[in-house]
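Visitor: model this:
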Amino acid sequence: MQTQAAGPGAFARFDLGRVPSPCFVVDEAAVRRNLDILRDVGERSGAKVLLALKAFSMWALADLVGDYLHGVCASGLWEARLAREHYHGELTTYAPAYRREDLPEILRLSDTVIFNSPDQLARFRDVIAAARGAGEAFEIGLRLNPEHSQGTTAKYDPCQPGSRLGFPVSQLRPEHLVGVDGLHIHALCEQGFEPLDNIWRSLEPKLAPMLGPIKWLNLGGGHHITRADYEKDALVALVRQISSRHGLAVYLEPGEAAALDAGILVGEILDVFDNGGPVAIADISATCHMPDVIEAPYRPAMLDERDAGVLVRIGGPSCLAGDIVGDYLFPATPQPGTRIAFLDQAHYSMVKTNTFNGVPLPSIALWNSETDALRIVRQFDYRDFRDRLS
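Guide: Below you'll find the predicted structure:
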């Protein structure tokens, strides 16, 4: 995968020495600009826009999100709890599978609960009936696999062969939609408008005959709506077309788009030695702090990287041989104590961090590039590592 970072933006003038290392620094002003774009698309198209917490769960900004979007979507019980504790508006919950003991609380917390298959929905009819009998109000959705792949990386493609995400649309029958209020279709990852348009063109003829009882269509996430080259007017037109042609309310669930180019991960070089070229060990770990670097894989952009100079391999402090962030050009070989930062790390990186090897979690800071106000939102210590173990 290629990084989608647009550049340093306001972080070009941020003093990396102002925060502890390692540290995520999120620019509140950049998040606000992204949310404003998402709200504009929602208002012009009539779509309800929800923030996908799986991508950006910085609840210190929950009130800000509530000022711009209709609500949030969760990926299970704990995210649903987080949503109700801190966020505002509607809550949609989807998971590939639910535990029977968790589902009553999920139904109580959520405005909409989306199931991954008709069989799973049928198996929990009794739980759903009991919740409604107790006075809970919620709608039920079914996730579909459009079986029309537009992904560029297989492991992030919900339409890959043998996918576990969504019920294959080729198997969908009218009886599967009994008791279903809406359909959920999430088939994108860091993509523009054209892949969405292609998917809908392939899917619409198959769904149209069965949409009679359906009230809404959720187009999921993976839409890079806030990227400069995204065709926002085309998305607005498509949503309006779907609504008018089929009488459906439409939902969008962007995650990355809310935090795109809104955060950096600051680190420090701990040691440098030569092994066929300079090798730098940083307190930033790919495996612990930016796991998509290994999983995708991809090479994150570095703040102030040069076009020419000394090529340095940057790796993390863990014992994993593959804990390598990438090879980067410096004006000269960096010395221990040198601060570095990687761009566009507010989404996914922050929610995926772990403490493998006892590597400390990065602190989290909130900066406002317009006022230069900075506060450390959270710092982690040994207890956060210890209390995850037994």
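Visitor: how about the strands of the stretch 251-390 of the chain, start to end?
Guide: Counting by DSSP state E, counting those that start in this stretch, the segments of the stretch 251-390 of the chain that form strands are 263-274, 278-282, 310-315, 324-330, 339-343, 363-367, 374-378.
Visitor: could these go into TSV alongside mean neighbour count?
Guide: C-betas here are computed from N, CA, C, even on glycine. Converted to TSV, the strands of the stretch 251-390 of the chain look like this (neighbours: other C-beta atoms under 10 Å):
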stretch	mean neighbour count
strand 263-274	20
strand 278-282	20
strand 310-315	18
strand 324-330	19
strand 339-343	24
strand 363-367	21
strand 374-378	14
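Visitor: okay, those in TSV with distance to T93 and mean pLDDT next?
Guide: Below are the strands of the stretch 251-390 of the chain laid out as TSV (distance: least, C-beta to C-beta, whole Å; pLDDT from 0 to 100):
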stretch	distance to T93	mean pLDDT
strand 263-274	25	98
strand 278-282	37	98
strand 310-315	38	98
strand 324-330	34	98
strand 339-343	31	98
strand 363-367	25	98
strand 374-378	25	98
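Visitor: now these in TSV, with distance to G66?
Guide: Shown next, in TSV, are these (distance: least, C-beta to C-beta, whole Å):
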stretch	distance to G66
strand 263-274	20
strand 278-282	36
strand 310-315	38
strand 324-330	35
strand 339-343	27
strand 363-367	16
strand 374-378	18
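Visitor: which among those is found nearest to H289?
Guide: Across the strands of the stretch 251-390 of the chain, H289 has its closest neighbour in strand 263-274 (6.4 Å, C-beta to C-beta).
Visitor: other SSEs contacting the closest one?
Guide: Applying 3 or more C-beta pairs under 8 Å, 6 or more residues apart in numbering; DSSP states H and E, one finds that strand 263-274 contacts strand 23-27, strand 278-282, strand 339-343.
Visitor: buried ones in the first one?
Guide: Along strand 23-27, these residues count as buried under the neighbour rule (16 or more other C-beta atoms under 10 Å): 23-27.
Visitor: stretch 91-100 now?
Guide: Residues 91-95, 98 are the ones in stretch 91-100 that count as buried (16+ other C-beta under 10 Å).
Visitor: in strands, which of these fall?
Guide: Mapping these onto strands (DSSP state E) picks out 91-94.
Visitor: which outside residues touch stretch 66-77?
Guide: Residues outside stretch 66-77 that contact it (C-beta atoms under 8 Å, 6 or more residues apart in numbering): 32, 35-36, 38-39, 42, 48-54, 65, 80, 82-83, 87-95, 102, 105-106, 110-111, 221, 253, 258.
Visitor: quick one: end-to-end length of that stretch, please.
Guide: By C-alpha to C-alpha, to the nearest Å, the extent of stretch 66-77 from end to end equals 20 Å.
Visitor: go on, stretch 54-63?
Guide: Across stretch 54-63, first to last residue, C-alpha to C-alpha, it's 17 Å.
Visitor: so for it, what's the average pLDDT?
Guide: Across stretch 54-63, pLDDT averages out at 98.
Visitor: identify the residue spatially nearest to the residue nearest the centre of the chain, adjacent ones excluded.
Guide: In the chain, the residue lying closest to the centroid (C-alpha atoms, centre = their mean) is A55, at 2.1 Å. Counting by C-beta to C-beta, 6 or more residues apart in numbering, A55 lies nearest to G255, which is 2.6 Å off, once chain neighbours are set aside.
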